[in-house]
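Asker: Build me a model:
(3 chains)
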Amino acid sequence: MSITKSNAINTLLIAGLLFAALCAHVLSEPFIITMATKIAIFAIAGIGLNLALGYGGLVSFGHAAFFGIGGYVCGILASHARNFEPLTTWPFEFSGTTSMLVIWPIAIFVSSLLALLIGAISLRTTGVYFIMITLAFAQMIFYFAISWPTYGGEDGLPTYVRNSFPGVNTLNPIEYFLICFVLLLITLILCSIIVNSRFGLALQAARQNVRRVTSVGIDVYKVKLVAFVISGGITGLAGALYTDLNRFVSPSVLSWHTSGEIMIFVILGGVAHLFGPLAGAALFIVLEFVLGGFTEYWQMWLGALLLLVVLYAPKGLMGALNASWRSHG
Amino acid sequence: MKLKTIALAAAFSVATCLGTFAASHGNKAKIGMITTLSGGGAGLGIDVRDGFLLAVKKFGEGHVEVVVEDDQRKPDIAVQLADKMIQSEKADILTGIIWSNLAMAVVPATTAQGKFYLSPNAGPSALAGKGCHQNYFNVAWQNDNLHEAAGAYANDAGFKKSFILAPNYPAGKDALTGYKRFFEGEVADEVYTQLGQKDYAAEIAQIRASSADSVFFFLPGGMGIAFMKQYAGSGVDIPLIGPAFSFDQGILQAVGEAAMGVKNTSQWNKDIDNAANNDFVASFQAEYGRLPSLYASQGYDTANLIISALKKAAVSDADAFRAALKAAEFDSVRGDFKFGSNHHPVQDIYVREVIKEGDVYTNKIIATGLTNHSDAYAGDCKM
Amino acid sequence: MTTTLIIEQVLNGLQFGVMLFLMASGLTLVFGVMGLINLAHGSLYMVGAFACAAVAAATGSYWLGLAASLVVAAMAGAIVELLIIRKLYSRGHLDQVLATFALILVFSEGTRWLFGSFPLYLNVPEILSGSVELPGGIHYSLFRLLIIVTGALIALFLLALIHKTRLGIQIRAGESDREMISALGVNIDRLYTIVFALGAALAGLAGAMVGSLQSVQVGMGEPVLILAFVVIVIGGIGSIKGALVGAVLVGLVDTLGRFLLPELFAIFMDPASAKAIGSALASMLIYMVMAGVLFFRPTGLFGLNA
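Answerer: Numbers count the residues shown, from 1 in each chain, chains lettered A, B, ... in the order given. The predicted structure is shown next:
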């Protein structure tokens, strides 16, 4: 496949998302804008996971931890600010905030820190053991969130309105979509820079052959850990955006279903394709929505469709799209 | 993208509105119902939906159009559907949520957009007290109510020492607090189980070892089925008390013999003798071929409340419509029904006993637990 | 807290562990022999429970129901293996995860379509309900005792099968060198189908027995699936012995943790918050144990390599 052709598909995808949202705005179908926003947010989360899973070969089944922590950072900061209850009084008084520009860096920082902690321990293992140890950490946080009453426990934490962004009315669906869309673009660019950097090349080489990479003097553990931390940070940002989309956060975003869903988006779209998570999230969310309209048992048909994709498009959606483009072009 | 639109009355409405209904009776509203229709908890959502649609079919022709959507029991999906109902479907009233954690997501989002929300099931304490809202009405109960009645009943039955258990999540904590609020005896032990736990051997062993004379438990859904079967098989014979959720029509057949004779508290039962209830029970059976459940009764009441308010005021006149809802002038299947200052019910809560009618397990009322009961949070609500 | 209570709790832990073993043994065999991550294993557990409840309700015989759970789950397993799973052996783990996740959706909603949205009735038969008195004055549920015995027998049977029979030799050979055994003329396709159906049958049996104690409803398999994965990872993937040790360990830690942790915290805290914090910690305990085991033994207790 030539670079330009795959670029054309990528451009089509991203333009399609923007076009769908703008059309929906013109036709005043705000729910379609909400769906497009959800796709953009989960695409960001998926891009984060893809960095670890696709490029680094680190199959994390615990990314709900980062997504959820990002979400809770957003929810907690906002609820403290709204209730005028300072979050900390020592060493300095910090009263929470409702500014997205402050919330995002904190969400990224906290979830990266968590990824550092979980990654440092989990990277001792490989393969299925890595899958399961990341799940174990996510489950610990999930059960903690359910039974910790301060921020609502299982009932969750409503933030009532979206946080603010200078010059934008975030409660207007299309304006909030554009914020998420721009962040999606930034994430895509950032990720493509990382993947093509010396670090990214080392990461991909380490996935394929640890011994060869070690022999040229690269510390594989450190490379993987850094990738895992960046991955966690990006997914954490998506979590913060998701809280603002719903004006609500609850432990359900920390459950293993969320980890599974993000992973499904990545695999469905095509592992280690920059735009794979976007394609996967778009297909899944649109299918969920369309099938839900036909039958009460729509999940059965969703399952059947996913099976067909796995069996007949082994390289994911992006793989299939690129292949069919080639055969026609 | 047209979804499950059940425009029951739409086709008739043009014809009938012109004819039978006077102008003031012709108020129409679009109702968005978000409820759980897939996965393990689907039974409850289906009952609420069926009860609601039955009332719409019987009394609401020309008044209401209902759009139903499946929330998959996920709070994030539920709140996105609420946005859809309000923004795309232009619904005036939302209803249907079964679970407290979903209600906590949907209710604030709905009232913040100036729409009405009527809860047919969940009643978290946060929304009854500080977080109450003039456009939020609860037609079922505040979460603590049935547990409080259980505590009151335990006093009446002469119990002195209760072993109490519930899952470790907010509704579970509310349940035990509610029970203790009214129970005057001593608490033998207080146990929080894991949410979703299905094996209660460890807890039953603790119950056996305790010197309690009664056991109060709140374990909704499959948790309750598992607990009761294991309790019956354990040979421990300390009497059980619980809220109606584990003894409901849909669940009771799965528990079977193990539930016989257990006392449970509920604001409704099929044997409450009034015209509205007799009509409801008969027509529900005729329509769906099964006995109605507590959830179906709540869905039915919710729809009738909306219809009664629409007969008095248009939903576009929010103040008048709110006053009409608040007046609650409809024939509730549970008999007397009125709203308290925080828009939560003031009602009688009964004690039921599980019995067998032919091959079917069901309940009969044996006592009244609390009369004209409101809730503990109304004082915190400033509307 | 009395000694009898503690012994009773240990028995409960053992019974829970044995149940988990029935689930985990199939999972670990399928992974060890075919290299397949099967998320749909919990669905086969559900299929077993529903088959048992349906047949028991239709015939009035619990034992026929139990037999049906084995047969129907094995058949479901074999059909799925022949139609779908077979195409996934050569794929990466990620494709397997996606495909078997899709299978969960099909199984769950398909079951709901067939049996409706309400839980099904299935109870322990009269003859096995009630409790027996063990030495030392301990009353213990007869059915739970039977589960422990059944599980122990199945564990012995599996160990014997793996180490003493022709099929076992083929399975072990399949784990270590796939090309070799097909070169030796073993019908590898048939071997895979048999192993998959065997694992499915064990899961189905576990579902039926647990279903009689707990509840038979859609989605019952998912929490158990996660626990079964925890078990095989602690034990070391592919090892039946590891699955047994892991299962009993998880069963005991979970049961005793739920019971002892709140008591422990009550020593230095007020009772109400001790209960809450103790039970919160108890629900995280097995994951802490898993993380701890993997920290010191990155391939589980009995695993050779990842």
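Asker: CA atoms for contacts and neighbours, from now on please.
Answerer: Will do.
Asker: Same question for the host helix or strand of C:Leu227: list its buried residues.
Answerer: In this assignment (DSSP states H and E), C:Leu227 forms part of helix C:221-235. Within helix C:221-235, the residues scored as buried using 16 or more other Cα atoms under 10 Å in any protein chain shown are C:221-222, C:224-235.
Asker: Likewise for stretch B:364-374?
Answerer: By neighbour count on 16+ other Cα under 10 Å, the buried set for stretch B:364-374 is B:364-365, B:368-370, B:373-374.
Asker: List, one by one, the residues from chain C near chain A.
Answerer: Within chain C, the positions near chain A by Cα under 8 Å from any Cα of the partner chain are C:87-88, C:94-95, C:98-99, C:101-110, C:113, C:229-230, C:233, C:276-277, C:280-281, C:283-284, C:287-288, C:290-291, C:294-295, C:298-300, C:306.
Asker: out of those residues, which touch chain B?
Answerer: Subset of those in contact with chain B: C:108-109, C:276, C:280, C:283, counting by Cα under 8 Å from any Cα.
Asker: hmm, which of those residues are the buried ones?
Answerer: Buried among those by 16+ other Cα under 10 Å: C:108-109, C:276, C:280, C:283.
Asker: Which of those fall in helices?
Answerer: Using DSSP state H, the subset of these located in helices is C:108-109, C:276, C:280, C:283.
Asker: farthest pair in those residues?
Answerer: The most widely separated members of those, counting by Cα to Cα, are C:Glu109 and C:Ala276 (35.2 Å).
Asker: Flag every residue of chain C that's near chain B.
Answerer: Listed as neighbours of chain B in chain C under the rule Cα under 8 Å from any Cα: C:5, C:8-9, C:12, C:108-109, C:112, C:117-123, C:129-131, C:140-141, C:213-215, C:217-220, C:255, C:258-259, C:272, C:275-276, C:279-280, C:283.
Asker: Keep only those of these that are in strands.
Answerer: Cross-referencing these against strands under DSSP state E gives C:131, C:140-141.
Asker: Export these to JSON lines and append columns for neighbour count, pLDDT and distance to B:Tyr288.
Answerer: Converted to JSON lines, those look like this (neighbours: other Cα atoms under 10 Å in any protein chain shown; pLDDT from 0 to 100; distance: Cα to Cα, whole Å):
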{"residue": "C:Ser131", "neighbour count": "18", "pLDDT": "80", "distance to B:Tyr288": "41"}
{"residue": "C:Tyr140", "neighbour count": "21", "pLDDT": "85", "distance to B:Tyr288": "43"}
{"residue": "C:Ser141", "neighbour count": "21", "pLDDT": "86", "distance to B:Tyr288": "40"}
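Asker: between the residues you listed, which is closest to C:Phe50?
Answerer: When these are compared for distance to C:Phe50 (Cα to Cα), C:Ser141 wins out at 23.4 Å.
Asker: who's in contact with that closest one?
Answerer: By Cα atoms under 8 Å, 6 or more residues apart in numbering or on different chains, C:Ser141 lies in contact with B:233-234, C:129-132.
Asker: how about stretch A:202-212: buried residues?
Answerer: A:202-207, A:210.
Asker: How about that stretch and chain C, touching?
Answerer: No: on the criterion Cα under 8 Å from any Cα, stretch A:202-212 is out of touch with chain C, staying 13.8 Å away.
Asker: Can you list the neighbours in contact with that stretch?
Answerer: Residues outside stretch A:202-212 that contact it (Cα under 8 Å, 6+ apart) are A:55-57, A:213, A:218, A:220, A:223-224, A:227.
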